[in-house]
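Colleague: below is the structure, and that's it, no one-letter string:
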């Protein structure tokens, strides 16, 4: 793509638009969070991990912004969203914890995951409930 090979992007470090763009597109589900999925370091990051876990989404990329101040600022600039965590589905910014929770509660997350070819575990849980 044009303009990818340098110029005024400040060295193309981890917080550059190009670097962030690569990260959000590297996997269908990408989360920028504080800490790691195994050890989230804030309640909101933990909530995002728990919501994904509820849906059975275990195959996703998580980036710990606490390890990289440039990335932390870069992702905020990229999404024009001031807070972490940030969730991307298929390279598109979805939102933070509050939006993911809302999508979880109103069923939109099941639909969005379906578009990515990911079957929400909640669909199977509902089936189990119907059998009882």
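Modeller: It's in. What you see is a predicted model, and the numbers here were worked out from it, not measured in a lab.

Colleague: just the helices in this protein please.
Modeller: Counting by DSSP state H, the chain has helices at residues 17-25, 43-54, 69-79, 97-106, 108-115, 121-131.

Colleague: what's the closest of the ones you listed to residue 87?
Modeller: Nearest to residue 87, of all those, is helix 97-106, at 5.4 Å by Cβ to Cβ. C-betas here are computed from N, CA, C, even on glycine.

Colleague: list the buried residues for the closest one?
Modeller: By 16 or more other Cβ atoms under 10 Å, the buried positions in helix 97-106 come out as 97, 99-101, 103-104.

Colleague: where does this structure dip in pLDDT?
Modeller: 1-12, 129-132 (pLDDT under 70).

Colleague: residue 27: neighbouring residues, count only.
Modeller: For residue 27, the neighbour count with other Cβ atoms under 10 Å is 17.

Colleague: oh, that last question was meant for residue 87, not what I typed.
Modeller: Neighbourhood size, residue 87 [other Cβ under 10 Å]: 25.

Colleague: please name the nearest non-neighbouring residue to it.
Modeller: residue 94 (4.5 Å; Cβ to Cβ, 6 or more residues apart in numbering).

Colleague: go on, residue 83?
Modeller: Nearest one to residue 83, counting by Cβ to Cβ, 6+ apart, is residue 96 at 5.3 Å.

Colleague: OK, contacts around that neighbour?
Modeller: 44, 48, 81, 83-87 (Cβ atoms under 8 Å, 6 or more residues apart in numbering).

Colleague: list just the nearest of the residues you listed to residue 60.
Modeller: Checking the contacts of residue 96 against residue 60 with Cβ to Cβ, the nearest one is residue 87 at 9.0 Å.
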